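A.B. asks: 3D, please:
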Amino acid sequence: MKKFITAALTTAIAAASIASTPAMAAPSHRGDHRVTVVKVDRHVTQRQVQYRGWKKGDRFDRRQARNYRVISNPRSYRLREAPRGYRWVQSGNDAVLIGITSGIVASILGNAFR
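C.D. replies: Presented below is the predicted three-dimensional model:
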């Protein structure tokens, strides 16, 4: 008799939990379907670019140049024409003459741009 009562109670509890699960999982029907997002502030470290001063013979890397751009008209900045295989670029306020294929710095004119 004890086994029968225990089995009946276990079955009744299982049936009650199964019947209540869909009601708890059902979405609310309030009319608004907003989703609440909880944001957690965390410390984000950003890598800072190390700008550098160039020296003759250095390998030029445009990612380390401040305010990088190719100078297409050097005469307007009172620069001489770049020899074949070289070009003038701007790095900060400096004009840097670099080899096109090698990237080696050939000449630097400091404070060429104001």
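
A.B. asks: going forward, measure contacts and count neighbours with C-alpha atoms only.
C.D. replies: OK.

A.B. asks: strands along the chain, start to end?
C.D. replies: Secondary structure of the chain (DSSP state E): strands located at 69-70, 86-91, 94-99, 105-109.

A.B. asks: the first one pairs with which strands, parallel or anti?
C.D. replies: If you go by DSSP bridges, strand 69-70 pairs up with strand 86-91 (antiparallel).

A.B. asks: that older thread, adding mean neighbour count, write the strands of the chain out as TSV.
C.D. replies: Written out in TSV, the entries for the strands of the chain read as follows (neighbours: other Cα atoms under 10 Å):
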stretch	mean neighbour count
strand 69-70	14
strand 86-91	22
strand 94-99	23
strand 105-109	18
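
A.B. asks: how about TSV for those, with mean pLDDT and distance to F60 added?
C.D. replies: Output for the strands of the chain, formatted as TSV (pLDDT from 0 to 100; distance: least, Cα to Cα, whole Å):
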stretch	mean pLDDT	distance to F60
strand 69-70	94	13
strand 86-91	95	10
strand 94-99	95	7
strand 105-109	94	6
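
A.B. asks: let's have those in CSV, adding distance to R62.
C.D. replies: Compiled in CSV, those are given as follows (distance: least, Cα to Cα, whole Å):
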stretch, distance to R62
strand 69-70, 9
strand 86-91, 8
strand 94-99, 11
strand 105-109, 12
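
A.B. asks: nearest to Y51, of these?
C.D. replies: For the strands of the chain, distance to Y51 was read as Cα to Cα. The smallest value, 9.2 Å, belongs to strand 86-91.

A.B. asks: could you list the low-pLDDT ranges of this protein?
C.D. replies: Low-confidence regions of the chain, defined here as pLDDT under 70, cover residues 1-2, 4, 7-10, 12-50.

A.B. asks: mind running it again at 80?
C.D. replies: Applying pLDDT under 80 to the chain flags the ranges 1-52, 114.

A.B. asks: what segments of it are helices?
C.D. replies: Under the criterion DSSP state H, the chain contains helices at 2-25.

A.B. asks: show me what contacts R114?
C.D. replies: With contacts defined as Cα atoms under 8 Å, 6 or more residues apart in numbering, R114 is in contact with N93.

A.B. asks: out of the strands of the chain, flag the one nearest D58.
C.D. replies: Closest approach to D58 among the strands of the chain (Cα to Cα): strand 105-109, 5.5 Å.
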